[in-house]
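*Asks:* Could you work out the structure for the sequence below:
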Amino acid sequence: MKKFILTAVSVFVLCFSSTHAFAAYNASDVLGQRTAGDAAAFTTNAANNGGTVSARGFSTEVRSVKLDTVHHRLFVADRGNNRVLVFNLDSSNELIDHDADNVFGQVGLTSNASSCTTSTGMGGPSGIEYDTTNNRLFVGMTNAAGTFSRIVVYDLSAGITDGMAGVNVLGQTNLTTCSIRTNTANSVYFPFDMKYDSITGLLYVADLTRNRVLVFDARPAGSSAETICGVTTTGIVDNMNASCVIGQPNFTTITSGNTDAKMNGTLGLAIDSTNHRLFVSEYAANRIKVFDISSFVDGSGSNSMSASYVLGQTDFVTATSGTTQSKLSWPGGLSFDSSTGYLYVSDEVNHRVVVYNVSGTLSNGMAATYVFGADDFTTINSGATASTMGAVFGNVINPTTKNLYVADVTNNRVLIFKPTVTLTDSTFTNALQHNSYTAAFPVSGEQQTVSLSLTGGSLPTGLSLSGSSLTGIPTIPGTYAFTAKATDSGIHGIFETLAYSFSILVNPRGSGMVPTIYPRGVAGMPASFSVVGTTGHSAKIQWSDVTDVTGMSFSTNADFTGGSIENFAKNSTVPMPGTSNTGLLYGRVYSPTGNYTQYGPVTVNFSKAVKKQVCSTVSKKNSKGKMVKVKVCK
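*Replies:* Down below sits the predicted model:
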C-alpha cells in the first residue's frame, strides 16, 4: 500500500468563497495562520501559528472540517494536536473570531495529549461528521500504527464543554479499549471519513486500508427495528456490527482492486440524500466512484454493490493520475452542495479543489466545472498564499453563503473562500422616456466576470441588465422598484451576493409637435410650432437634414416649464412671394445630459403669397389729348 500519512508537516485551514483566463481565486480568510494583531497571514505555515498549542493554531495534518449551520459552529480536526476544535459562528454562519471556543479530546485549549483508553481522550482525529437532526458529532481517529482506530460519538444536545466524554464507540469493544482488530463487521482500521444520511439514519465509514465502506445503523439507540442487507438493528450501540459493506464481497475480505465493485484506498465520502447517491474517493486509483444507494432506503440493499459511474477515469479499470479538467491525483475529502448539485473534491497532490456539476446526467470521466488553488485545470500552483494550497484534504461548503472551507494539510491552516463581490442598495439617476439610458450598478470586489440578475420587482419597459449595468431605452414613464443580485463567475466558480433593492424614476417625454400636419404657411410671414416637454428639459425645433426650407431658421428657447413656442424668423433668403416650398419639420426635447427624444416629422407647405390689388382713379390724357378719369389697380 502507498504511504499516505503526512508527518512533520505544517497545517493551515483556508477559507474561500465558492461557477476563463483568470488568476487563481483568492481566499478571503484563514484559520491557523494569524498575525499578532489577528490579521490573516496567508504566506506563513508554521505549526501552532508559530507558537505553542493554543486556541489559534493547528499542527501536522488538519484533516477534516464540518459545519453545523443550525447551531452555528465549525468543527476542525486538528490531528497533530489530538483534538477537534470548535469555532462559534454568528447567525449568518460567519466566523465571529479566529480563536477556537471549545475543544474535544483535551481538557483545555493548551494541551495535546494522545489517548485512546478513555471516553474523553483522542488520538489522531482524522474524519469528523455532524448529525444535524440529532445534534451529534462523530469523530474517526487513528494513530500512525492504527491501534487507535475507532469512531467516538458525542451527544451535543446539552451543549459543549471542553474535554466532554463520548457516549458511543464504533470499531472498539468500549470507550476504554484500543487495539487493532481483525477484519470483521465491527472493526475499523484508519477510518478517515464518515457521512451521515439524515433520511435513513445510516452512517457510511471510509475504512481506508481495508478498501471498503462500512454502513452502520447510527440512528439514536432504541429506534424502531430496521433491516438492511439482511441485518436487523434498532439504532446505535457500542461495538455494533456494520449492516452492509461496499467495496468487498464480505466483511473479512480486504483486497484492493480497480473494478466497479472493488475499492483501492477509500479516503473520502459525500452523500446526496435526495437522489440516494454515495460518492467515494479512492486515492490509490485516482478516482471517485458513484453508487446508487436507493436500495438502502427500502431495506433491500446487499453487500458488494457495483458503482454506477466513475469520475477521474474513463472506466473502472484505469487508475492513472493527471492534472487536467477530467483527471485527479490522490483525491481525498468530498462535500456535496444539495442546493446546486455540485461535488467539491480535494485533489491532494494537484494542490487544488475541483468542482463537478453532478446535478444532471453523469458520464464516466466527465470534466470538472470549476477549480480552486490554480489558475486553470492544467497548472499546479503549490504554496502558501491566499490563492495557492499545499496538500489538501477535507473541505466543506456552506450551501447558503457558498463559503468554502478547505483543510490545507501541509500549511497548517484552513482556507476560507468567500464570494468577494459586493453590492449595495441604490437609487439610480432619473431616466427620460424614449431616451437612451445607461447606469452602472454599485458592484465591486469581483475576481472574475460580473453580471446582475433580477430577483424581484420589475425593470422599466425597454431597460435590461447587461453585465454590471442597467441599459436601454425606457418606453413607459413611472417609478420602478426591483431587487437584484450580482454574480461573479468564471473557471473558479460562481459567487453571488444577496439580493439588494434598487429604484429608478422614468420621466415622461415631451408631448411632441402640434399639429401633426401643419397647414399651409405663407411665404414671408411668421408661422408658429410648439414642442411640449418636462420641467428641466430644453426644447428645439429643426428641419430635417434631408428636406429643409431654404432660408428659414428657428429661435431656440432655454429650459422651460411646461411648453415652448418656437417661431419662424425671416432672413434675407426667405422664400419670396410667388414661390412655393415644402419641408419636413422635427422637434426634439433635450435632457440635461444631452440625450433627446425626437418627434415628427411634421410636413410644412409654403405657397405663393396672394397679392391684393389696390385701385385708384387718376386723370390722364387720352389718345385725342383730352383729360379723362382712369382706374388704375396695382
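*Asks:* What count of nearby residues applies to residue 300?
*Replies:* Neighbour count of residue 300, defined by other C-beta atoms under 10 Å: 12. Every residue, glycine included, has its C-beta placed from N, CA and C.
*Asks:* what's near enough to touch it?
*Replies:* residue 228 (C-beta atoms under 8 Å, 6 or more residues apart in numbering).
*Asks:* hang on, it is in a strand, isn't it?
*Replies:* No. Residue 300 is assigned coil when assessed by DSSP: H, G, I helix; E, B strand; the rest coil, not a strand.
*Asks:* Now do the nearest residue to residue 115 once chain neighbours are set aside against residue 280, distance only.
*Replies:* Nearest residue to residue 115, sequence neighbours excluded (C-beta to C-beta, 6 or more residues apart in numbering): residue 121, at 2.6 Å. The spacing between residue 121 and residue 280, counted by C-beta to C-beta, to the nearest Å, is 30 Å.
*Asks:* now residue 264
*Replies:* 10 Å.
*Asks:* Settle it for me: which of the two has more neighbours?
*Replies:* Using other C-beta under 10 Å, the more surrounded residue of residue 264 and residue 280 is residue 280, with 26 against 22.
*Asks:* isn't the more buried one right next to residue 206, touching?
*Replies:* Yes. Residue 280 lies in contact with residue 206 (C-beta atoms under 8 Å); the separation is 7.1 Å.
*Asks:* List the residues that are in contact with both of the two.
*Replies:* Joint contacts of residue 280 and residue 206 (C-beta under 8 Å, 6+ apart) are 213, 266, 268, 269.
*Asks:* Contacts only, for the second one.
*Replies:* The neighbours of residue 266, taking C-beta under 8 Å, 6+ apart as the test, are 192, 206, 207, 208, 211, 212, 213, 247, 280, 281, 282.
*Asks:* Which ones among those residues lie within strands?
*Replies:* 192, 206, 207, 212, 213, 280, 281, 282 (DSSP state E).
*Asks:* which intervals of the protein have sub-threshold pLDDT?
*Replies:* The chain contains residues with pLDDT under 70 at 1-22, 509-614, 632-634.
*Asks:* Just give me the residue closest to the centre of it.
*Replies:* residue 495 (2.3 Å; C-alpha atoms, centre = their mean).
*Asks:* where's that residue, which helix or strand?
*Replies:* strand 493-496 (DSSP states H and E).
*Asks:* What residues of that strand count as buried?
*Replies:* Neighbour-count burial for strand 493-496 flags 493, 494, 495, 496 (criterion: 16 or more other C-beta atoms under 10 Å).
*Asks:* Identify each buried residue in the helix or strand following that strand, please.
*Replies:* For strand 493-496, the following helix or strand on the C-terminal side (DSSP H and E) is strand 500-507. Judged by neighbour count (16+ other C-beta under 10 Å), strand 500-507 contains these buried residues: 500, 502, 504, 505, 506, 507.
*Asks:* was I right about the fifth one contacting residue 431?
*Replies:* Yes. With contact defined as C-beta under 8 Å, residue 506 and residue 431 form a contacting pair (4.7 Å).
*Asks:* And stretch 223-234, what's buried?
*Replies:* 226, 228, 229, 231, 233.
*Asks:* how many neighbours does residue 298 have?
*Replies:* Around residue 298 there are 10 other residues, counting by other C-beta under 10 Å.
*Asks:* what's the distance between it and residue 203?
*Replies:* 18 Å.
*Asks:* What's the separation between residue 433 and residue 464?
*Replies:* 16 Å.
*Asks:* who has more neighbours, the two?
*Replies:* When residue 433 and residue 464 are compared for neighbours, residue 433 comes out ahead with 22 against 11, by other C-beta under 10 Å.
*Asks:* Any figure for the gap between the more buried one and residue 480?
*Replies:* 12 Å.
*Asks:* what sits in contact with each of these two?
*Replies:* residue 506.
*Asks:* Would you mark the buried spots in stretch 209-220?
*Replies:* Of the residues in stretch 209-220, those buried (16+ other C-beta under 10 Å) are 209, 210, 211, 212, 213, 214, 215, 216, 217, 218, 219.
*Asks:* from those, which two are the most distant?
*Replies:* Among the buried residues of stretch 209-220, the pair separated by the greatest distance (C-beta to C-beta) is 209 and 219, at 27.6 Å.
*Asks:* sorry, back to before: what's the strand holding residue 495 packed up against?
*Replies:* strand 370-372, strand 478-490 (3 or more C-beta pairs under 8 Å, 6 or more residues apart in numbering; DSSP states H and E).
*Asks:* mind checking the end-to-end distance for stretch 66-73?
*Replies:* Taking C-alpha to C-alpha, to the nearest Å, stretch 66-73 runs 9 Å from one end to the other.
*Asks:* Next, count neighbours for residue 144.
*Replies:* Neighbours of residue 144 (other C-beta under 10 Å): 11.
*Asks:* I'd say it and residue 124 touch.
*Replies:* Yes. With contact defined as C-beta under 8 Å, residue 144 reaches residue 124; the gap is 7.3 Å.
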